[in-house]
Every structure is written in C-alpha cells, then in structure tokens.
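Engineer: Sharing a model that was predicted from the sequence below.
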Amino acid sequence: MLAASLTSPGTLTLDRRPLPALGPRDALLTVEATTLCGTDLRIVTGQKTKGVTPGVILGHEIAARVWRVGSALTPGVDVPAPGTQVGLAPEIACGHCQPCTAGRSNVCASMALFGTGVDGGLADVIRVPERALSCITPTAREIAPPLLALAEPLSCCLRATTRLPITEGSRVLVLGTGPIGLIHCALAASAHASVMACGRPNRLSPALALGAQVTTASQGDNLVAEVRDWTGGAGADVVIIAVGDPGLVPVAAQCAAIGGSVSCFAGFPAGALAQIDPNLIHYRELTVSGSANATLADYAAAVTALSTGALDLSALITHEFALTEVDAALDAVQSRAGLKVAVLPGRNPRPVTIHQADPAGRRR
C-alpha cells in the first residue's frame, strides 16, 4: 500500500509498504478520504512533536470502508460488515481512568490517537486494533467520503455546543472563520440562533453561506462596539473562540452579555497566557468554559448528522488531492487556499520524500 509517514520530526515520506497484518481481533479499513487540519501541518513542519510517534502515518479525519475482519470477530456484531462505509473516530480512550469513568473519555488520561500515536488515514489501508474497534462508526446512508471525514471536527464542535446554552433566539458570536469557526456557525444556525461571525475578510462569505446572519472583520474595541450594536446593547449570549489567539479571550468577555457564556474552544499555543478582567466575570455573571476532543457518542452523533443530511457541511470541502499529491494538499492548508482539503488515497507506487523542515520549522 501507499502511505505518508513521519520518518522524523519535520519530514514526511510517501512510500510503498506491506499491508498491515490482520490480527484475529483486528479490522482493516480501506481509506476513502482524509481531510487535513492545522495540526497535521504543524506535525509535518516539526512545530508539534508532543505525543507524535516518529514513523507514524499521519491523518486523523478519516472516512473509510470495512475491508477485512479478523477471524475472531463476527461481522455485523463485533464490527460492521465488510463493504460498509464508516467513519473512524481518532480518540482511543482507555475506558478506566478517572476522566473515562466520569464520562469524559474525550480527555482520557491515557489517550491514544490515530494519526499521531497510532497509524492514521494518509494511507490506502488502516489497521484498527481490538482496543479501537468501537471507534468504527457506520453511516446511516452512504455520502461523499470527504464530507464523512468532517465527522471528526464536527464531533469536537458538537462536544462544545451541547454544553453551551444555545437555543432558538440565542445570540451567538463566533470568533474565527476557519473551518472550525464555520462549523460552529452552522451548528448555531441549525439551533435557530442568531449568529455573528468575526474573522478574515476572505472567510466572511463562507460564514454567511453556513448560517451567519452578520459578519465582521473588526477587532478589539471596534468589535465590542459592533456586538453591542448588533444585540441592542446587551452583548452576545454565547461567545465561541474558534481560533487559538489568547488575545481574543479578554475581548470575548467584553462581548458577552450578562449571564453569558464564553467557550475557549480553540487550542492555544503552549505556554500562552491571557489577561481577563475578573470583575467582568464577577459582575456580569459570566461562565467561561473549555472543550477538547470528542467522545465516541459525540462522534457517532456527527456521523449521523452528516449521513442523514441533518447538517450540510459540503460547502467546506474546497480542495481534493490524490495521496500522491499530499505535498500540494499541505501547501493548500498552509496558504489557506480554501477551506477543508481532502486527500483521496490511490494506488500510485512511486516513493518520494514529500516535506522536510529546517530546525526553525520552515518548510523547504
């Protein structure tokens, strides 16, 4: 099979290798699409090394099809039958640590992840070991594989929004209009909330297409003033920080209404600090929360939403590349050429070194 693996920090190699061995309680899936995110880019350029196993096949937003099932498994009982289209949740939780037993398997203390510690989806075939069989989630009906791959980022957004007071008529401010911010816009709109999206000027039209009623590229005090105007002076009921800029945290608090909620959804740079006026939290009775990853239930809900058509995120898929073109796919992510970039595995046997980064993390 063809696979793109991290041979060393900052170096991604595309080559042919034997198919993964199928154990009696394993499953092999053929990968139909893997969408890329900023985390993949940070791994490839060597900026992210924590939790990343050298030699691992990258890719954690995976749409696949069951191919082979181990001899000790019953198809249709232990695992979906061969030929079934499935999504693959990347989080492999231990199931018995304190977070897992408390219903927070999304922050499992011994979490393993497809695409960072376990071979992921930038390959023709992926092996799902016994401990991860529950990550295999069949679709309600077949859909385009790149759309199904979006179940992973959607599941993370669902995890956050189900813990926020977003209801019909809520005023929701989404800070950041990358793919994650756009998914949050779509989810809030599907709950019949009023949505304002704040982000880069070239990402505001997609926000409108995905449910935002109002968009802005304003920052700082100007943004706070626009939010006050939009809400008749009250502020937003919910503010979602969907881009990892710690400077947005105090702005989000200023934009929130009395009794409002601020969600620090995005991952922030390691060691980043944010200053926030505690009196804003105290006197305005704000709730500040975080959200990370997703549970298997969140992922299953995302697959259902996409495969039943309850939520249409097809507008997010703007670029598709063959696995042999993974270099160009990562370039599209880095240059923000579009929204979501999908890699569709093929069978080209040509081995080639795709990326190498110098010690400063620059690609060359």
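Structural biologist: Arrived safely, thanks for sending.

Engineer: ok, Tyr315 to Arg141 distance?
Structural biologist: Just so we're on the same page, residue 315 is Ala rather than Tyr. Distance from Ala315 to Arg141, counting by Cβ to Cβ, to the nearest Å: 20 Å. Backbone N, C-alpha and C define where each C-beta goes, glycine included.

Engineer: what about the two, which has more around it?
Structural biologist: It is Ala315, of Ala315 and Arg141, that has more neighbours when counted by other Cβ atoms under 10 Å, with 13 against 9.

Engineer: Just the local confidence number for that one, please.
Structural biologist: Ala315 is assigned a pLDDT of 95 by the prediction.

Engineer: Now do the phi/psi pair for it.
Structural biologist: Main-chain dihedrals, Ala315, degrees, to the nearest 10: phi -60, psi -20.

Engineer: Would you mind confirming that it is in contact with Ala209?
Structural biologist: Yes. If you go by Cβ atoms under 8 Å, Ala315 and Ala209 touch, sitting 5.5 Å apart.

Engineer: show me where this structure has helices.
Structural biologist: 38-44, 98-101, 145-149, 151-161, 179-190, 204-209, 220-230, 248-255, 278-283, 296-307, 326-334 (DSSP state H).

Engineer: who wins for proximity to Ala64 among those helices?
Structural biologist: Smallest distance to Ala64 across the helices of the chain (Cβ to Cβ): 8.1 Å, for helix 145-149.

Engineer: roughly how far is the closest one from the heart of the chain?
Structural biologist: Computed by Cα atoms, centre = their mean, to the nearest Å, the chain-centroid distance of helix 145-149 equals 12 Å.

Engineer: residue contacts, the residue most central in space within the chain?
Structural biologist: The centre of the chain sits closest to Pro153, judged by Cα atoms, centre = their mean, with a distance of 2.7 Å. Contacts here follow Cβ atoms under 8 Å, 6 or more residues apart in numbering; on that basis Pro153 touches 35, 37, 61, 179-180, 183.

Engineer: What is the neighbour count of the closest residue in space to Ala112 that isn't next to it in sequence?
Structural biologist: Nearest non-adjacent residue to Ala112, counting by Cβ to Cβ, 6 or more residues apart in numbering: Ile92, 4.2 Å away. Neighbour count for Ile92, taken as other Cβ under 10 Å: 22.

Engineer: Check the gap between the residue sitting furthest away from the middle of the chain and Ile258 for me.
Structural biologist: Relative to the C-alpha centroid of the chain, counting by Cα atoms, centre = their mean, Tyr283 is the outermost residue, at 34.3 Å. Per Cβ to Cβ, Tyr283 is found 8 Å from Ile258.
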